[in-house]
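Engineer: Mind looking at a prediction? Sequence and model below.
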Amino acid sequence: MNLPITVNQTELLDILLNIAPSRPVFIWGAPGIGKSALVEEFAIEVGLECVSLLGSQLAPEDIIGIPQIRGETSEFLPPKMIARKEPYVLFLDELNACSQEVQKAFYSLIYERRVGEYHLPEGSIVIGAGNRSQDSAIVKTMSSALINRMFHVQLKPDVKNWLTWAYGNGIHPWVTDYINQRPDHLFSEPPKTEEPFSTPRSWHMLSDALKEFGAGEKDIPDSTVRMLAYGSVSASHAGMFAAFVKQMSNRYLLSDIIKGEARWPDRPEDRDVLYFLAQSFRAQLIHDFPKQKTELNKETQYLAHRSKALIKDLAQVNYELAQMVVSSDDGKMLPEWFMVEIVRDLPRLAVQENNKDGKTA
């Protein structure tokens, strides 16, 4: 399932607080974006214990229990983890990874909040979660009867929410500083091949690894930083993260370059740093520039003035990277008014870009 409307962490928490007490909620979303952590936060918010069941590892008897003869009849005894006396939040994670038989066992638990003759304590809350079919995860088709018994919501990764959480939970400053500069790298869609990819969870994992190696407290080799990054996040992001760490030690900061207090690095051994800085420069222009030139303020006017000189300087160091700054290969466009100025002031770069797109300047 891929819902047309998505919500961030703050919006989802509000939905859970208002809907989950009366109706079961199912949270859709890619792996590693914080579904489980948010349900645990919700449980704390409402003052209930959170009991998690992993759907992909359950058999039907793990839900309905086993029969026991009592006199001339038998009854099913539900598992101890479900049969509790006090109300709680029952979190059915990876619910759509269950077999059809296990899904059937969930019907009465989700809709009627009971298993056989056992009823969940009054005030208990049932929440499900699962990945989407396009996430290359273990996903099975959910029956229409099960889908129709729940309220559905799709969670999206949100940089602002994640950074707020990260600052309060001790995420390594290299990671938070990097995501601040490249917010588009917090999450990448799961690849079709078996390789690491970037999610809030994988950046958290990289943070833990950096702490274990004492990064920041002592010098660790560039090769170690690269090894840790490539083992945690998407390859393209890992390479740029390693370059980001390297440029911190070399004091090549983008803000200093924009202010004219530093120059583009031009040594062959700093090519990865130069690539990172050029990518970050392009991302900043896309983020900071308004669609209309009339909406420029003093800061963005200065950035627009400096950026043309910086692109020209970058072209003298590496022409391909200068072209990349004004390109549209990633589907993101610099504002039209800025591209008109590039055509006017840096026509050679603009002509190369337009020719690449099958146009003429």
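Structural biologist: It's in.
Engineer: where do the helices sit along the stretch 201-350 of the chain?
Structural biologist: Using DSSP state H, counting those that start in this stretch, the helices of the stretch 201-350 of the chain run over 222-230, 235-249, 254-259, 271-288, 298-317, 319-325, 336-345, 347-356.
Engineer: Of all these, which one is nearest residue 31?
Structural biologist: Of all these, helix 235-249 sits nearest to residue 31, with 16.0 Å by Cβ to Cβ. Every C-beta, even on glycine, is put in place using the N, C-alpha and C of the backbone.
Engineer: Need the contact partners of that closest one.
Structural biologist: Helix 235-249 is contacted by residues 174, 177-178, 181-182, 185, 188, 195-196, 198, 206, 222, 225-226, 229-230, 232-233, 253, 265, 270, 272-273, 275-277, 279 when judged by Cβ atoms under 8 Å, 6 or more residues apart in numbering.
Engineer: Drop anything exposed from those.
Structural biologist: Restricting the contacts of helix 235-249 to buried positions leaves 174, 178, 181-182, 185, 188, 196, 198, 206, 225-226, 229-230, 232-233, 253, 265, 270, 272-273, 275-277, 279, with burial counted as 16 or more other Cβ atoms under 10 Å.
Engineer: ranges for the strands of the protein?
Structural biologist: Using DSSP state E, the strands of the chain run over 6-7, 25-28, 49-54, 66-70, 73-77, 88-93, 114-115, 118-119, 125-130, 151-155.
Engineer: Would you tell me which one of the ones you listed is buried the most?
Structural biologist: Counting by mean count of other Cβ atoms under 10 Å, strand 125-130 has the highest mean neighbour count of those, with a mean of 25.
Engineer: Give me the sheet partners of that strand and which way each runs.
Structural biologist: Strand partners for strand 125-130, identified by DSSP bridges, are recorded as strand 25-28 (parallel), strand 88-93 (parallel).
Engineer: how close does residue 185 sit to residue 246?
Structural biologist: Relative to residue 246, residue 185 is positioned 16 Å away (Cβ to Cβ, to the nearest Å).
Engineer: just residue 120 next, same as before
Structural biologist: Per Cβ to Cβ, residue 120 is found 54 Å from residue 246.
Engineer: count of neighbours near residue 264?
Structural biologist: 21 (other Cβ atoms under 10 Å).
Engineer: closest one to residue 60 among the strands paired with strand 125-130?
Structural biologist: Using Cβ to Cβ, the strands paired with strand 125-130 put strand 88-93 closest to residue 60, at 13.8 Å.
Engineer: and that closest one, average pLDDT?
Structural biologist: Strand 88-93 carries an average pLDDT of 92.
Engineer: Identify each buried residue in stretch 13-23, please.
Structural biologist: By neighbour count with 16+ other Cβ under 10 Å, stretch 13-23 contains the buried residues 13, 15-16, 20.
Engineer: Show me the residues you listed that map onto helices.
Structural biologist: Among those, the members falling in helices (DSSP state H) are 13, 15-16.
Engineer: can you redo these as TSV with pLDDT?
Structural biologist: Formatted as TSV, these follow (pLDDT from 0 to 100):
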residue	pLDDT
13	94
15	96
16	96
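Engineer: Let me have these in TSV, extended by distance to residue 6.
Structural biologist: Compiled in TSV, these are given as follows (distance: Cβ to Cβ, whole Å):
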residue	distance to residue 6
13	14
15	12
16	15
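Engineer: the domain parsing of the chain - what is it?
Structural biologist: Following automatic domain parsing, one finds the domains of the chain at 6-156, 160-356.
Engineer: Cool, thanks, signing off.
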